[in-house]
Structure formats: C-alpha cells, structure tokens
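Chemist: Next one to model:
(one chain, ligands or ions: 1)
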Amino acid sequence: MTTELSPDAPALDGLLEQARKEYEELAARGLSLDLTRGKPAPEQLDLSEELLGLPGGRHTSADGTDVRNYGGLQGLPELREIFAELLQVPAAQLLALGNSSLELMHDCLVHALLGVLPGATSRWVDQERVAFLCPVPGYDRHFALCERFGIDMIPVPMTADGPDMDEVERLAAENPAVKGIWCVPKYSNPDGVVYSDETVARLARMETAAPDFRIFWDNAYAAHHLTDEPAEIADLLGACAEAGNPDRAFVFGSTSKITAAGAGVAFFGSSPANVKWLLANNQKRSIGPDKINQLRHVLFLRDADGVRAHMERQRALLQPKFEAVARILDAELGGTGLATWTSPKGGYFVTLQVPDGCAKDVVRRAAEAGIVLTPAGATHPYGDDPRDAVIRVAPSYPSLAELEQAMHGLTVCVRLAGYEQREREQRERQ
Ligand code: PMP
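Modeler: Reported below is the predicted structural model:
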C-alpha cells in the first residue's frame, strides 16, 4: 500500500535532519496525551445525562412487570423492540442482558467450551484443538479471549469487503477444529471496513467442517455513522436461516458507545435454538438482568429513530475529530510515501499503516515524547503483526486541541522512524 518515494541521499539527509530536529522539539514539550482506547469523550457521555434521572420514580415496564424485582431473563420486550431493527434480529430472538457485549462473547465461549452447543456432538473443551479465524487487523479483546481459553487463532487478511472469503471458506471447510470466526461487520475495529453483501452471503452459506461453527458477529458500531450515508449491511441471521445454517450466527451489540460506556445495555441475538441455549445457561448464572437500567434506556431512547437522532448528536462531536486526523495526516505525511491511512465512514478508529518494520519504533518514540498509542501488534493475534506496520489511532477521547497536538506529534515520529529506516536501507545498498 505504501508508495515508495526514493529521495536521493542528500535529500534524505535533509529530511532526516529536519525530522530529528522536530522530534527533539516535540520531546522537549513534555506532553502527556493518550490515543490508546476507543472511549467516548466526556461530552459524548454528557449527551446521555438525562439517563441518570430516569426512570424517575417509574417502577413498571410496558407489561406491568416491576423492574425493581428479580426475573425477566430475556430483558424488557420494549427495549428489545427498539434494538431489533438496529441489530437486524427479530425481537423474539433478541435478548437484552447486562452492561457489556464483550462479557456476552466471553460467556458464549465459556458455555461452548463447557456445554454442548446446538448442533455440536461434544463440548469444545473435549476436543483436541479449537481454533478461530481472526480477520486482521482486528480487535485485541477478541484475541485476548481466545488466548485466555487456549483457542488457537488463525489470521485471515481483511479486504475492503470484509475478510478474504476465499481463505475463510478454505479454512472453515477443511478443518473441523475451526469452530468460529470473529467479525466486526460494520465500521470494523480498527480499519472501518463494512462487510459487503457478498461477504455476508458467503459467510452464511459456506461449508464448514465443524457442525457447530459459529460466527461471532460483533456489531458494536451498528449505529455509529460519521457521514450522511449510513452504511447498511446484509442481514446475517436471515441469510444463515435461508442457507440452511440457522444456528451459525451469534449477533452481539451494546449501547456502550450510544449511551454510557460500561453502564449501557448489551444484546444477544440468534436462532431460536441458540437463544434457548443461552437462556438455559444464563438461568444458572443470574436471576435476571438490570431491568431498571433497561427501562431508563427505553424512556430515554424511545424508539429506533430516537437512537438514530441520538447518534447524530454523537456524530456532531466525533466527526470533527476524525476530520482533524485526516487533515493532519494528509498535511504532514501526504506525499512522503511513508504512510497510508483509512478514512472510516463510521466507528471509532483510524488505521495508520507505516513502512514495514516501523510500527513498534513509531509507538516507542511517541511514548517517549509523551503520546501513548495502542501497542503496535495489538491489532493481530498474539500481539504479533508480522510486518510490524499497523498502528491503531483512537481519536474519540481527547479534546480536539489535544488530539491535534497528539496527531502532529505522531506524524513527527512516523517521519523520524521512516526516514531513519530509509537511510539504513540506503547504507545497506551501498
Ligand atoms: N466490540 C468491539 C468491536 C469494540 O470495539 C468494543 C469496545 N471497544 C466492544 C466490543 C466492547 O463492547 P461492550 O462495552 O459492550 O463490552
């Protein structure tokens, strides 16, 4: 992807000298900035301030259930109605549960390891090897779950349309140990890819050697648009049912980046058999979810249009930050041949690709200058980016002014690491 400019030796000397000088100035500023995690900024959380005053003395859901009491394992029906449309899951097959979708993914893995999934012949833990396909770059917490449970990770390259489906189909068909795939289908973390209809159709209908293969469809950014053209993805659950693989998809989502991160509501959607399976497992684990929080979300968001209107307000805060990132990268690295980057139409991240062998160096130098970035390699299974080229940038949390400072600083580090590498290469060639 990176276009190679080959400045002659004197030109490179000049560029390197300039980059060193700028880096010294940067380091002398004693910055303390953080671009690591995709957390909402305080102003984004302020948009949901009203939640804290809800349900405002109200105790009952639409069907008269007292939300202060135990029970209601499926979650409030009116909240499931609101998110059914956004997550493309019929309300009857959608559960509204706790405060975190990552927890639900964790639990689904644990239950599949320790119990028998619909369609499975045995528990995963009784099998010699369990492996997951991991589109890369991907979300480090998915990979951390696999590591935690001894699930082998098989990287699959991402394309502009989603994972390389030739590879996915080949790996899923040939090996019964391959039990699943991680997918962030809309505005993927970290490269902002939106899965094409063809990718969704192929995932739904492909042959899998494992009868209990599951697609972990983490639709974390379902409503998180940054432009006037909201991305639509095909309905995976429907496509799986149509293709005769009704139990293949586990759909996850949450309001973490809609209302309050860590204090929202998480959702699980799937086939009737899988929903029954999760409910049976949940029944042992909990006497019911936090329905007070669910009711306050119903009262605050009202309906799917209410969610969309709220996300427009989020966009008004986020879009200028993503524009600033693009503007600074363009101004400082455009035409250098040292980097390429994504221009996501939604989600929370920008992926910066630097010359092979430079990502760790850039992250280290940035840290030494007081700018903390997600560790290089975090976007790959086992923290190992074989090309050492991908850096994930999370623009949401810092203020616009801090973000601009951090991005300027980051580009200085890219120039320094990139030109130093070019100088080494030139020396080696001589
Ligand atoms: N999935 C993805 C792809 C994410 O980026 C995040 C948040 N960074 C999560 C899940 C976590 O979601 P939750 O807060 O619902 O656990």
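
Chemist: Show the end-to-end separation of stretch 246-259, please.
Modeler: Terminal residues of stretch 246-259 are spaced 31 Å apart (Cα to Cα, to the nearest Å).

Chemist: and it, does that touch the ligand?
Modeler: Yes. Counting by Cβ under 6 Å from any ligand atom, the ligand is contacted by stretch 246-259 at 254, 256. Any C-beta I mention is one placed from the backbone N, CA and C, and that applies to glycine too.

Chemist: could you give me the average pLDDT of that stretch?
Modeler: The pLDDT scores in stretch 246-259 average 98.

Chemist: So which residues of the stretch 51-200 of the chain form helices?
Modeler: Assigned by DSSP state H, counting those that start in this stretch, the stretch 51-200 of the chain shows helices spanning 77-87, 101-114, 140-148, 165-174, 197-205.

Chemist: Would you tell me which of those helices gets closest to Glu229?
Modeler: Smallest distance to Glu229 across those (Cβ to Cβ): 15.8 Å, for helix 197-205.

Chemist: after the least confident helix or strand in the chain by mean pLDDT comes which helix or strand?
Modeler: Across the helices and strands of the chain, mean confidence by mean pLDDT, DSSP states H and E is lowest for strand 33-35: a mean of 91. Using DSSP states H and E, the helix or strand that follows strand 33-35 in sequence is helix 42-46.

Chemist: before we move on, the earlier item: quick check: which of the helices of the stretch 51-200 of the chain is nearest to the ligand?
Modeler: helix 101-114 (3.4 Å; Cβ to the nearest ligand atom).

Chemist: Show me what the closest one is packed against.
Modeler: Under the contact definition 3 or more Cβ pairs under 8 Å, 6 or more residues apart in numbering; DSSP states H and E, helix 101-114 sits against helix 140-148, strand 214-218, strand 249-254, strand 266-269, helix 272-285.

Chemist: Identify each buried residue in that helix, please.
Modeler: Neighbour counts using 16 or more other Cβ atoms under 10 Å place 101-102, 104-113 of helix 101-114 among the buried residues.

Chemist: Near the ligand, which residues of the chain are found?
Modeler: So the chain meets the ligand at 38, 100-102, 139, 184, 189, 218, 220, 254, 256, 266 (Cβ under 6 Å from any ligand atom).

Chemist: Out of the helices and strands packed on helix 101-114, the one nearest Arg387 is which?
Modeler: Counting by Cβ to Cβ, Arg387 lies closest to helix 140-148 out of the helices and strands packed on helix 101-114; the figure is 16.9 Å.

Chemist: The closest one packs against which elements?
Modeler: helix 101-114, strand 131-136, strand 152-159.

Chemist: Pipe these into JSON lines and attach distance to Arg296 and mean pLDDT per row.
Modeler: As requested, these are exported to JSON lines (distance: least, Cβ to Cβ, whole Å; pLDDT from 0 to 100):
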{"stretch": "helix 101-114", "distance to Arg296": "18", "mean pLDDT": "98"}
{"stretch": "strand 131-136", "distance to Arg296": "35", "mean pLDDT": "98"}
{"stretch": "strand 152-159", "distance to Arg296": "37", "mean pLDDT": "98"}
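
Chemist: Tabulate the ones you listed (JSON lines), appending distance to Glu25.
Modeler: Converted to JSON lines, the helices and strands packed on helix 140-148 look like this (distance: least, Cβ to Cβ, whole Å):
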{"stretch": "helix 101-114", "distance to Glu25": "40"}
{"stretch": "strand 131-136", "distance to Glu25": "35"}
{"stretch": "strand 152-159", "distance to Glu25": "36"}
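
Chemist: wait, which of those is closest to Arg313?
Modeler: When the helices and strands packed on helix 140-148 are compared by Cβ to Cβ, helix 101-114 sits nearest Arg313, at 21.9 Å.

Chemist: Now do that closest one against helix 272-285, angle only.
Modeler: Counting by axes from the mean of the first three to the mean of the last three Cα atoms, to 10 degrees, helix 101-114 lies at 100 degrees to helix 272-285.
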